[in-house]
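Sequence first, then the predicted structure:
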Amino acid sequence: MKKCKCDLCKFENPKLSTAGIIIKDQKILVAKRVSEPFKGEWDFLGGYLQKNETPEEGHRREIKEELGVDSESIFLGAFPGTANYKEYSFPVIGFAYLTEIKGKIKLNKKENSKLAWVPISKLKTIAFDSNQKILKFIKEKFIYNWKDVVGLVDQLDPKATVTEQSFYRAMFNGYISKIEERGRLLGMGWIFPRQTILRHQAIVEDMIVDESQRGKGLGEKILKDLIKWAKRQEIEVIELTTNPKREAANSLYKKVGFKLHETNHYLLNLR
């Protein structure tokens, strides 16, 4: 491929595109391209920004054009790569967004010939090298045994409802430590940072070990992993709360160095 050598192109400033990571039941939505480059290959939903658009605006527009639905998105990261136009190649940066769609999707056949929900673990390739980097990232971050996640949450709080989207959003608002064995999720815990006026702190939530695995030290392993993550983020203070009746949990927190802090803890339920 040639590189354009005009004054505007010789600086090789990248063009910006977006990629929608749309996940349901551990399957990711992909579309089959109708035009070159990569005609007939799977691609993420999204596309290039237009003049005067922010990346978020451009991504919403692309999802609306290709699927006919509104969407909400969380930025996951930027992934550099290259793309082609006729005989020319040029640099791009793909902005990946965890995307939640609203409504019934309708394929725009001018954009793509086919849609498919493909298990994340079985999606082997994708159009564009920037998207291939995104796919690798998604496989590292998003592959979970979803039934096990729901089962653990039910043990933690039988009245709670967890959705895939809330789980993935939590993941990118902080860090989830997990313990797996032979594809089975045995325990997990979540920590998220919070910057106050006074300090950089973090909060531990949703610590749970499967009831069949308790007493084996898995909770301590998860908690120490969360603490290591906090140290890497230069967190000053870690906060957590637990029911006084959870004797094992209270003993664990004291064992690893947490101190009981007397305070008035208020909650205002807005739902």
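That came through fine. Numbering: from 1, shown residues only.

What is the neighbour count of residue 103?
For residue 103, the count of nearby residues is 10 (other Cβ atoms under 10 Å). Where C-beta positions appear, they are placed from N, C-alpha and C, glycine not excepted.

ditto for residue 84
Residues lying near residue 84 (other Cβ under 10 Å) number 15.

The one 4 residues further on now?
The local packing count at residue 88 equals 13, with neighbours defined by other Cβ under 10 Å.

Going along the chain, name the helices of this protein.
Here the chain has its helices, by DSSP state H, at 55-67, 129-142, 146-156, 164-172, 218-232, 247-255.

among these, which gets the worst mean confidence?
Of all the helices of the chain, the segment with the smallest mean pLDDT is helix 164-172, scoring a mean of 90.

now what about that helix, what contacts it?
With contact meaning Cβ atoms under 8 Å, 6 or more residues apart in numbering, helix 164-172 is reached by 23-26, 74, 76, 98, 100, 141-142, 144, 146, 149, 176, 190, 192, 206.

Got a quick PyMOL command for the buried subset of the residues you listed?
In PyMOL syntax, the buried subset of the contacts of helix 164-172 is picked out as below (16 or more other Cβ atoms under 10 Å):
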select buried, resi 23+26+74+76+98+100+141+142+144+146+149+176+190+206
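
follow-up on the earlier one: need the helices of the chain in CSV (columns: distance to residue 185).
Below are the helices of the chain laid out as CSV (distance: least, Cβ to Cβ, whole Å):
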stretch, distance to residue 185
helix 55-67, 31
helix 129-142, 14
helix 146-156, 4
helix 164-172, 12
helix 218-232, 11
helix 247-255, 19
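
ok, now how distant is the residue lying closest to residue 29 once chain neighbours are set aside from residue 47?
Nearest residue to residue 29, sequence neighbours excluded (Cβ to Cβ, 6 or more residues apart in numbering): residue 22, at 4.1 Å. To residue 47, residue 22 is 14 Å away according to Cβ to Cβ, to the nearest Å.

tell me which residues of stretch 121-131 are tucked away?
So for stretch 121-131, counting by 16+ other Cβ under 10 Å, buried means 123, 126-128, 130-131.

Ok, stretch 236-255 next?
238, 240, 249, 252-253.
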